[in-house]
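When you get a sec, could you give me coordinates for this:
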Amino acid sequence: MRILITNDDGINAPGLAVLEEIATELAGPSGEVWTVAPAFEQSGVGHCISYTQPMMVSQMAERRFATQGSPADCVLAAVHDIMPARPDLVLSGVNRGNNAAENALYSGTLGGAMEAALQGIPAIALSQYYGPDNAQADDPFEAARVHGTEVIRRILAHDPKDQTGYRLFYNVNFPPVPAADVKGTRITPQGIREGTRFSVEPHNSPSGRRFLWIKGGDQRAPTAPGSDASENLAGFISVTPMRADLTASDQLDAM
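The predicted structure follows:
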């Protein structure tokens, strides 16, 4: 199997090293793992592409490249320039922090997986929820490291073949617990954290200039029972099948 890995935390992020371990195991001794990742952190860029400016690509090692672009840029660069043949699978992550609920809409990690799906390639985004039980651990990615390979294999075994239209991609979030405390895997819808939103926090610099920091909402705010973040906080790995189709289908007839 030929696997492309990318992320939004940057090519030197520890979560990307975890994903490389997972991908190497999946690819097997006769497979290939290619890394094309942003040179610098690109968290929160969503499905952004560098449409109005070129991006530089630098080779770091054999089958390892850094781009001055977004995760979606990385997939485009890999598929249409860097790799000698299309990948069989694209993995994006492992993100530092969850991409459950509304976070999925901002996530560069999911943006990379979405672009792969638009290119017709099976794709899975993986993120590690942080919380009191793992944030300060020696290995906060332990749940993803231990369970990631098997979860991906199970997803691929059920991924429909010969898809038409917008291809499926998958959003996987590992719970904020040690690997031994993971309770299982649940197929979930995307949730929404009611009553909490992204916002801004203003600050003035010593020179008097005004700056705004983007700040996220409470990551432990409740979501609907059975949805992704709810299951993550209960100790389960969540798997959410997604498509890039944003149509509100329930409103078509009414409108």
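
in stretch 233-245, what's buried?
Neighbour-count burial for stretch 233-245, with 16 or more other CB atoms under 10 Å as criterion, is recorded at 233, 236-242. The way it works is simple: take the backbone N, C-alpha and C, and place the C-beta from them, glycine included.

Would you format those residues as TSV with distance to Ser30 and secondary structure included?
Rendered in TSV, the data for these read as follows (distance: CB to CB, whole Å; DSSP: H, G, I helix; E, B strand; the rest coil):
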residue	distance to Ser30	secondary structure
Leu233	40	helix
Phe236	34	strand
Ile237	28	strand
Ser238	32	strand
Val239	28	strand
Thr240	32	strand
Pro241	29	strand
Met242	31	strand
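
For those, give me CSV that also has pLDDT.
Rendered in CSV, the data for the buried residues of stretch 233-245 read as follows (pLDDT from 0 to 100):
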residue, pLDDT
Leu233, 97
Phe236, 98
Ile237, 98
Ser238, 98
Val239, 98
Thr240, 98
Pro241, 98
Met242, 98
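
ok, so of the residues you listed, who is nearest Ile22?
Proximity of these to Ile22 was ranked by CB to CB; the top entry is Ile237 with 13.4 Å.

With adjacent residues omitted, what lies nearest to the closest one?
The shortest distance from Ile237 to any residue that is not its chain neighbour, by CB to CB, 6 or more residues apart in numbering, is 4.4 Å, and that residue is Thr185.

OK, contacts around the one you found?
Residues in contact with Thr185 (CB atoms under 8 Å, 6 or more residues apart in numbering) are 147, 151, 154, 236-239.

switch to 10 Å and redo it
147, 150-151, 154-155, 172, 174, 231, 236-239 (CB atoms under 10 Å, 6 or more residues apart in numbering).

same thing with Asp181?
Contact criterion CB under 10 Å, 6+ apart gives 133-134, 142-143, 175, 235 as the residues in contact with Asp181.
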